[in-house]
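> Got a predicted structure plus its sequence, pasted below:
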There are 2 protein chains.
Amino acid sequence: MTTRVDRAALVRRAVVELVAEYGIHGATMSQVAEVAGVATGTTYVHYQSKEDLIIAAFVEVKTSLGHAAVDGVDLAGEPRQVFETVWRNVYVHLRSDPALARFLVQVEVSPLRQSAHDALAEEPLTAMAQGLAGQLVDLPLDIVYDLSIAPAVRLAASGARLGPNDTELLIEACWRAVQP
Amino acid sequence: MTTRVDRAALVRRAVVELVAEYGIHGATMSQVAEVAGVATGTTYVHYQSKEDLIIAAFVEVKTSLGHAAVDGVDLAGEPRQVFETVWRNVYVHLRSDPALARFLVQVEVSPLRQSAHDALAEEPLTAMAQGLAGQLVDLPLDIVYDLSIAPAVRLAASGARLGPNDTELLIEACWRAVQP
DNA sequence: CGTTCATAATTGAACGATCATTCATTCAAG
DNA sequence: CTTGAATGAATGATCGTTCAATTATGAACG
């Protein structure tokens, strides 16, 4: 049997919530420990530093998002349909837990961005994106991502709720953007 | 005659540079004062707090960007041409001083976002956007902005340089996205 | 023009608060 | 008993902010 409580996971979850609400600056390590229900020192048993912890949490959030994104996707299907499914997967995943989205956008514009991306292993969404690259507009991959899937992340982070009709409009807009 | 040196402006410029490089957290008030060439106390003569200063700098940067955006735009011209001019204006303005772009994206995802936007008066770009809204895809204005002009801001912030061909491709992609 | 003087601007050392991090000690499991 | 996880008070560093002291400014005056 595994450990009864995975304290490292509790700590990662706590830092996600606190960074989402107060920013990287505003989230203190004692708050993180308190929310996680552990002592301040425990954090440092699992992570060397606050930076380390945030990067580990980023990797976890981004990886699980990548897996959620490709859930139930038929790679042999119509590109437009594949895109819509992935987009909705991302949006639903993050809207059900907006702290994830807010955490992601904060880390991605912070000075930790580079190290966070370096720590990232390849996940299903990236792999799929590289596979589809040839069929989309011929721009660098991160720009294509910024035009197509990232809007779903930012929308979830903003907390705004879109009706079904507007959501459909937005997905179409993102799809148009990345057409060749 | 006015003051020989506008120290408040020096301080705003310094906080923009330091937030761009080190983040809101990493930019300290003593660093700001040092870069601005004033004493630490001088900062507090012009701004009540660090937060106040960042918001004032945000308002200045955003306002000057708004004016640069509409420079030389013929409102009676073809919408597609108006859009391209505005997009290029924004991109050129920020690429010539990438610290502005990095500062903007950092503040806009931080917890200061709300107060920063509240402090913002209407500037030419917002006014124009509201005027053109009827001709674009029927989505909330901030989403339309996120799909059309914000990519130019994020591109400038990333520091990546796009060739003329890729720039044209990207402008077209942004334009496609916001079509009705 | 030089001098005076009230006012405002500027200074930077100092302050209290708070941060990330440490480590001697305790606890729990096998 | 042994070993590694967990604890939380303590530490040193650094933060934003303050304020008594200093310097610069320019209007008033002879």
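Received, thanks.
> who in chain A is up against DNA strand D?
Residues of chain A found near DNA strand D (CB under 7 Å from any atom of the strand) are A:3, A:5, A:7, A:38-42, A:44-46. The C-beta positions use only the backbone N, C-alpha and C, and glycine is treated the same way.
> again, only this time at 6 Å
A:7, A:38-42, A:45 (CB under 6 Å from any atom of the strand).
> Drop the exposed ones from the residues you listed and show what's left.
A:7, A:38, A:42 (16 or more other CB atoms under 10 Å in any protein chain shown).
> Helices - which of the residues you listed land there?
When DSSP state H is applied, these are split such that A:7, A:42 fall in helices.
> Without its sequence neighbours, what residue ends up closest to A:H46?
Closest residue to A:H46 apart from its sequence neighbours, by CB to CB, 6 or more residues apart in numbering or on different chains: A:A8 at 4.1 Å.
> Ok, A:P111 next?
Nearest to A:P111 is B:G23, by CB to CB, 6+ apart, at 4.9 Å.
> which residues are contacting the worst-scoring helix or strand of chain A on mean pLDDT?
Using mean pLDDT, DSSP states H and E, the weakest-scoring helix or strand in chain A turns out to be helix A:124-132, at a mean of 87. With CB atoms under 8 Å, 6 or more residues apart in numbering or on different chains as the test, helix A:124-132 has contacts from A:65-67, A:69-70, A:73, A:75, A:79, A:82, A:86, A:141, A:144-145, A:149.
> again, only using 7 Å
Outside of helix A:124-132, the residues within contact range by CB atoms under 7 Å, 6 or more residues apart in numbering or on different chains are A:66-67, A:69-70, A:79, A:141, A:145.
> Just the buried subset of those residues, please.
Among the contacts of helix A:124-132, the ones that count as buried by 16+ other CB under 10 Å are A:66, A:69-70, A:145.
> can you list those in a markdown table and add secondary structure and pLDDT?
Below are the buried ones among the contacts of helix A:124-132 laid out as a markdown table (DSSP: H, G, I helix; E, B strand; the rest coil; pLDDT from 0 to 100):
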| residue | secondary structure | pLDDT |
| --- | --- | --- |
| A:G66 | helix | 96 |
| A:A69 | helix | 96 |
| A:V70 | coil | 94 |
| A:Y145 | helix | 96 |
